[in-house]
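Novice: Got a predicted structure here, sequence first:
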Amino acid sequence: MSFDPHRHDSYPDSVIEYVLKSVKTIALVGFSANESRPSFFVTKYLIERGYALYPINPGLAGQEFFGDRKSTRLNSSHTDISRMPS
C-alpha cells in the first residue's frame, strides 16, 4: 500500500479501511466529552462496533466515559500505543 504518512488530511479510503480492519485497539488523542464534537461520536461509534478505545485528553484524565472507559493522558495509558512512523 503506497501513501504518504505525513499527509494526515488526505489518506485514501483504502488506507483507512486497511487500518480499521487490521487493528482493534485505538488511542483517540484529543477526545472531547462534548457530545457535539466529532471526537466524541467517533469514539462512541467505534466502541459500539467492538473496538477497544482509549480516550486521551489530559484535561479529562480519570473521568469515566461510555461505561468503563476512563480518559487518560497519553504518557500514562496502560497499553502499548503504536503510531505511524514519522
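Specialist: Received it, and whenever you're ready, just let me know what you need. Numbering: from 1, shown residues only.
Novice: so where's this protein shaky on pLDDT?
Specialist: 1-3, 5, 74-86 (pLDDT under 70).
Novice: so where does the residue most central in space within it fall, helix or strand?
Specialist: Nearest to the geometric centre of the chain sits Leu28, at 2.4 Å (CA atoms, centre = their mean). Element membership for Leu28 (DSSP states H and E) is strand 25-29.
Novice: Pull up the pairing partners for that strand, direction included.
Specialist: Strands that pair with strand 25-29, judged by DSSP bridges, come out as strand 52-56 (parallel).
Novice: in the strand it pairs with, what's buried?
Specialist: Buried positions in strand 52-56, judged by neighbour count with 16 or more other CB atoms under 10 Å: 53-56. Where C-beta positions appear, they are placed from N, C-alpha and C, glycine not excepted.
Novice: and the residues you listed as CSV, adding distance to Phe66?
Specialist: CSV is the format used below for the buried residues of strand 52-56 (distance: CB to CB, whole Å):
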residue, distance to Phe66
Leu53, 8
Tyr54, 11
Pro55, 8
Ile56, 14
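Novice: Nearest to Ser39 among those residues?
Specialist: Of all the buried residues of strand 52-56, Ser39 sits closest to Pro55, with 8.1 Å by CB to CB.
Novice: Which parts of the protein are helices?
Specialist: Here the chain has its helices, by DSSP state H, at 13-22, 38-48.
Novice: between the buried residues of strand 52-56, which is nearest Phe65?
Specialist: Pro55 (5.9 Å).
Novice: Now do the same contact list for the residue lying closest to the closest one once chain neighbours are set aside.
Specialist: Counting by CB to CB, 6 or more residues apart in numbering, Pro55 lies nearest to Phe31, which is 3.5 Å off, once chain neighbours are set aside. Phe31 makes contacts with 39-40, 43, 55-57, 60, 65, 71, as judged by CB atoms under 8 Å, 6 or more residues apart in numbering.
Novice: Kind regards, and thank you for your time.
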